[in-house]
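Undergrad: got a predicted structure here, sequence first:
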Amino acid sequence: MTRKKDKSQKGTENQNKEIELKSIRASDISATTELIKKYGIDPVKTPGIVSYNAYRKIIGYGLRYANEDMPSKEWREVYGILIGSVEENKEILIKDAIPMIVGDRAGVKYENKQYVDMAQIDDMIYERAIQDKKNDFIIGWWHTHPGFGFFYSPVDCMTQLGYQIPNPFALGIIFDHTKFLSKDFYLGVAGLR
């Protein structure tokens with residue numbers, strides 16, 4: 001009798017999970033529809049264009065802390081922010097990449113100092129954008145995955161949501177120097193949203 005109860009409980013749990021998944025899919029579709037109405041395009045499908053300057057900084061800082069001349073146990077992740085603009089809701093222009101913190105082998109821990117630094121950088125970008133009559137702001141973030149490949153960890157997903165909830169066009173970039181010559185990824189960089 002206990003087995004039947006366990007099976008029926010599992011069946012109910014599976015049905016509840018299925019209903020929950022359908023609900024999530026429906027809300028995703030609804031949210032996407034609202035974004036398309038608001039912006040005229042699905043922000044997630046908006047192409048991101050990385051300037052040479054931003055790319056050079058991501059690669060430079062990434063290679064400073066993880067490269068083939070170092071033992072892999074000494075490799076470190078690097079985290080930074082992306083500065084750019086959304087042009088006519090048609091493309092994301094990434095103009096600069098600012099490194100914020102160097103972590104350990106498999107992670108970066110953002111602390112109070114980085115939040116203060118980021119707020120100061122944000123103010124500076126805002127003032128410069130007004131002065132230069134540009135639309136630049138913190139458009140996203142970048143970090144390295146030295147030897148780990150291109151994926152968002154659960155922490156990365158939360159970080160991306162932190163950028164994407166207030167700005168649906170937010171972009172996250174991952175650099176892995178071990179994929180630099182990969183046929184599947186362009187110059188070791190993948191943009192994820």
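TA: Arrived safely.

Undergrad: in the protein, which strand is the longest?
TA: strand 91-102 (DSSP state E).

Undergrad: can you give me the buried ones in the helix or strand following that strand?
TA: For strand 91-102, the following helix or strand on the C-terminal side (DSSP states H and E) is helix 112-132. For helix 112-132, a neighbour-count test (16 or more other C-beta atoms under 10 Å) marks Met118, Ile125 as buried. Every C-beta, even on glycine, is put in place using the N, C-alpha and C of the backbone.

Undergrad: stretch 165-179 now?
TA: Pro168, Phe169, Ala170, Leu171, Gly172, Ile173, Ile174, Phe175, Asp176, His177, Thr178, Lys179.

Undergrad: ok, stretch 68-82 next?
TA: Taking 16+ other C-beta under 10 Å as the criterion, stretch 68-82 shows Trp75, Arg76, Glu77, Val78, Tyr79, Gly80, Ile81, Leu82 as buried.

Undergrad: how about those in a markdown table, adding distance to Lys45?
TA: A markdown table is the format used below for the buried residues of stretch 68-82 (distance: C-beta to C-beta, whole Å):
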| residue | distance to Lys45 |
| --- | --- |
| Trp75 | 33 |
| Arg76 | 33 |
| Glu77 | 28 |
| Val78 | 28 |
| Tyr79 | 26 |
| Gly80 | 24 |
| Ile81 | 23 |
| Leu82 | 18 |
